[in-house]
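S.K.: Predicted model and sequence follow; I will ask about them next.
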Amino acid sequence: MSTLARTGVLTRFALRRDRVLIPVWVAVNTLMVLTMPNTLKSLYGTPADRADLLHQLDTNASLRALIGPVFDDSLGALTAWRVGVYAGALAAVTSLLIVVRHTRDEEESGRQELIASGAVGRRASLTAALLAAGVANGVLALLVTAGLAGQGAAGALAFGLGLAAVGMVFATMAAIVAQLTESARLARGLTAAVLGAAFVLRAAGDSARDDGSSVLTWLSPLGWLENLRAFAGERWWVLGLFTGAVAVQAAVAYGLAGRRDVGMSFLPTRPGPAAGRLASAGALAWRLQRGGVLGWSVGFFLAGVVYGGLTDGAADLVADNDKAREIFERMGGQSGLTDAFLAAMVGMLGLIASLYVVASVLRLHGEETSGRAEPVLANAVGRLRWAGGHLLIAFGGSALIMLLAGLGFVVGHGKEAGPILAACLVQLPAVWVIGGLAVLLYGTAPRLAPAAWGVAGAALLIGWIGPALDAPRFVLDLSPFGHLPKLPGGEMGWGPVGVLLLLAGVLVAGGLMGLRRRDMTT
């Protein structure tokens, strides 16, 4: 039997299972890219404005580290500069989630063993996972190319292919890590750590050189994307770097897949007994989620330091541009440009924190579907106590990472601690509403629980793109973040905060009631 037998069937099954995740994340990425030309046109409508922007960026190493260098003053080149790094990172995250979900997740839950017992090739599941990631990245490339064609067909094609190539580099990287580790959670975490390292290398290289020529930049796939120079004299040969990396990593992944048994790994987990006390459901939840909490905590603190250090430079960059100032004021309030920038950046971290709370809540779903929850609940542990341990990590962890982000802002900007910490903590009611919705979906309709990712993605899309497009108030109000006071600098509104907290509590209570009454997944 061929090692790829039934690959087509498994690919269709993977795409069916991801019929929510792939469209939502591809749509978020596409809209983030395609809305940027009109936004930039309103901000820098004349050649003189764009030339002034390029001059300021050449002398602002901090902003180059955050966004990257810009190589031309056309709207297409400015679009590739403004969203290229982040769109590439989002494509990478989407790809690694897809591959790990259909490889290591399947083995961890036991479903892969059932599939492998049929007439299925040894490498069919891995191939199906990579093809599903390829479909997601291909659709992204097609939509971006079509949407930006008006800015220049060659540049649009280069940018679309570049985004898809970044996604496939991290898809094949995730395929390797999935063979090495025994845990889907660890596979996602390690691949995300590689992505974080790629961002740091690119940032360090771009802060040192204004033309993307640093060695550190060339060590990062995100640096390859910017050095593709879409809309600025495309370097088509850079796509060869992506192709080579994808081919080599895929070959390694296929080689590893053929040398191990289903469910096994090349880096097995440490055998017991576990060190420390596991006398309660809460202690077990902490043991399972402490790595994620630590990673998010470090990331948010460093993000706070970086954004805090950029505050004065960013404020100076947009001080003479009325349109740019208006966008920051819509995002962060009208209390002054520096406070508005800080409030906008804190709000973005709040949106990202909603991804943490969803991931942490859905750890319950993973424990249940993998069968690990059953032996825990077979002992003198009630469902609510078991779930409560994980929810404490989810909701308490979101408070911790926002607090650390605030401390990072204080370190980076030197601003008085009280106002910025209050600005970070006031994001929590909206974060908890999204977390509460994840609890409700998991408790009452576990099959729909992954849809919580779509809710978090929609909130991220509204918060990121809505102010730039001057979206109507009712659109912004669809997100719980649209009802938060704009701190620092704005007035504290306790009414909306109280309503959001009450709503979060109701959602969590409804989810726990549903969990208590329904049958557990078998």
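M.R.: Here it is on my side, so go on. Numbers count the residues shown, from 1 in each chain.
S.K.: For residue 285, give me its contacts.
M.R.: Going by Cβ atoms under 8 Å, 6 or more residues apart in numbering, residue 285 touches 363, 389, 390, 392, 393. Heads up, the C-betas are built off the backbone N, CA and C, glycines and all.
S.K.: Confirm it sits in a helix?
M.R.: Yes. Per DSSP: H, G, I helix; E, B strand; the rest coil, residue 285 lies within a helix segment.
S.K.: just for the stretch 351-500 of the chain, where's the confidence low?
M.R.: 415, 466-471 (pLDDT under 70).
S.K.: can you pull out the strands in it?
M.R.: Per DSSP state E, counting those that start in this stretch, the stretch 351-500 of the chain carries no strands over any range.
S.K.: all helices for it, in order.
M.R.: 363-369, 373-377, 383-413, 417-425, 428-444, 451-465, 473-476, 494-517 (DSSP state H, counting those that start in this stretch).
S.K.: Okay, buried residues for the longest one please.
M.R.: Along helix 383-413, these residues count as buried under the neighbour rule (16 or more other Cβ atoms under 10 Å): 383, 386-395, 397-399, 401-413.
S.K.: ditto for the last one
M.R.: Within helix 494-517, the residues that qualify as buried are 496-497, 500-501, 503-504, 507-508, 510-512, 514-515, counting by 16+ other Cβ under 10 Å.
S.K.: Can you lay out the helices of the stretch 351-500 of the chain as TSV showing distance to residue 357?
M.R.: As requested, those are arranged in TSV below (distance: least, Cβ to Cβ, whole Å):
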stretch	distance to residue 357
helix 363-369	11
helix 373-377	20
helix 383-413	5
helix 417-425	14
helix 428-444	4
helix 451-465	8
helix 473-476	21
helix 494-517	10
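S.K.: what's the closest of those helices to residue 225?
M.R.: Within the helices of the stretch 351-500 of the chain, the stretch nearest residue 225 is helix 451-465; the backing value is 19.2 Å (Cβ to Cβ).
S.K.: Now do the nearest residue to residue 425 once chain neighbours are set aside against residue 426, distance only.
M.R.: Counting by Cβ to Cβ, 6 or more residues apart in numbering, residue 402 is the residue found nearest to residue 425 once chain neighbours are left out, at 6.1 Å. Here residue 402 is placed at a distance of 9 Å from residue 426 (Cβ to Cβ, to the nearest Å).
S.K.: And residue 89, by the same measure?
M.R.: Residue 89 is 27 Å from residue 426, by Cβ to Cβ.
S.K.: before we move on, what about residue 96?
M.R.: Counting by Cβ to Cβ - residue 96 and residue 426 are separated by 32 Å.
S.K.: same deal with residue 448?
M.R.: On the measure of Cβ to Cβ, residue 448 and residue 426 end up 30 Å apart.
S.K.: With neighbour numbers in mind, choose between these two.
M.R.: residue 426 (25 against 13; other Cβ atoms under 10 Å).
S.K.: Hmm, residue 484 and that one touching each other?
M.R.: Yes. Using Cβ atoms under 8 Å, residue 426 is in contact with residue 484, at 5.9 Å.
S.K.: what sits against residue 26?
M.R.: Applying Cβ under 8 Å, 6+ apart, the residues near residue 26 are 94, 136, 139, 140, 143.
S.K.: could you list every residue that touches the spatially closest residue to residue 37 that is not a sequence neighbour?
M.R.: In space, and not counting its chain neighbours, residue 37 is closest to residue 75: 4.8 Å by Cβ to Cβ, 6+ apart. By Cβ under 8 Å, 6+ apart, the contact set of residue 75 is 37, 40, 41, 151.
S.K.: Give me the buried entries from those.
M.R.: Here, 16+ other Cβ under 10 Å leaves 37, 40, 151 buried among the contacts of residue 75.
S.K.: Which pLDDT value belongs to the first one?
M.R.: In this prediction, residue 37 carries a pLDDT score of 87.
S.K.: after whichever strand or helix holds it, next one along is what?
M.R.: Assigned by DSSP states H and E, residue 37 belongs to helix 36-43. Next along the chain after helix 36-43, taking DSSP H and E as the criterion, comes helix 47-58.
S.K.: what's the next helix or strand after that following helix packed up against?
M.R.: Proceeding N to C from helix 47-58, the next assigned helix or strand is helix 61-67, under DSSP H and E. With contacts defined as 3 or more Cβ pairs under 8 Å, 6 or more residues apart in numbering; DSSP states H and E, the packing partners of helix 61-67 are helix 75-101, helix 184-208, helix 281-318.
S.K.: how many degrees apart are the last one and helix 383-413 in direction?
M.R.: Counting by axes from the mean of the first three to the mean of the last three Cα atoms, to 10 degrees, helix 281-318 points 30 degrees away from the direction of helix 383-413.
S.K.: How much space separates residue 164 from residue 95?
M.R.: With Cβ to Cβ as the criterion, residue 164 and residue 95 are 9 Å apart.
S.K.: what's the overlap in contacts for the two?
M.R.: The contact lists of residue 164 and residue 95 share residue 137, where a contact means Cβ under 8 Å, 6+ apart.
S.K.: Settle it for me: which of those two has more neighbours?
M.R.: residue 95 (32 against 25).
S.K.: what sits against that one?
M.R.: 133, 136, 137, 167, 168, 170, 171, 174.
S.K.: Which single one of those is nearest to residue 375?
M.R.: Out of those, the member with the shortest distance to residue 375 (by Cβ to Cβ) is residue 174, at 28.9 Å.
S.K.: Please confirm that the closest one is located within a strand.
M.R.: No. Under three-state DSSP, residue 174 falls outside any strand and is assigned helix.
S.K.: wait, doesn't it sit right on residue 96?
M.R.: Yes. At 4.0 Å, residue 174 counts as touching residue 96 under the criterion of Cβ under 8 Å.
S.K.: Mind listing the shared neighbours of those two?
M.R.: Common neighbours of residue 174 and residue 96 (Cβ under 8 Å, 6+ apart) are 188, 191.
S.K.: between these two, which one's more packed in?
M.R.: Ranked by neighbour count (other Cβ under 10 Å), residue 174 and residue 96 place residue 174 first, with 31 against 27.
S.K.: if I pick the more buried one, what's in contact with it?
M.R.: By Cβ under 8 Å, 6+ apart, the neighbours of residue 174 are 95, 96, 99, 100, 103, 187, 188, 191.
S.K.: Apply 7 Å and report the result again.
M.R.: By Cβ atoms under 7 Å, 6 or more residues apart in numbering, the residues touching residue 174 are 95, 96, 99, 100, 187, 191.
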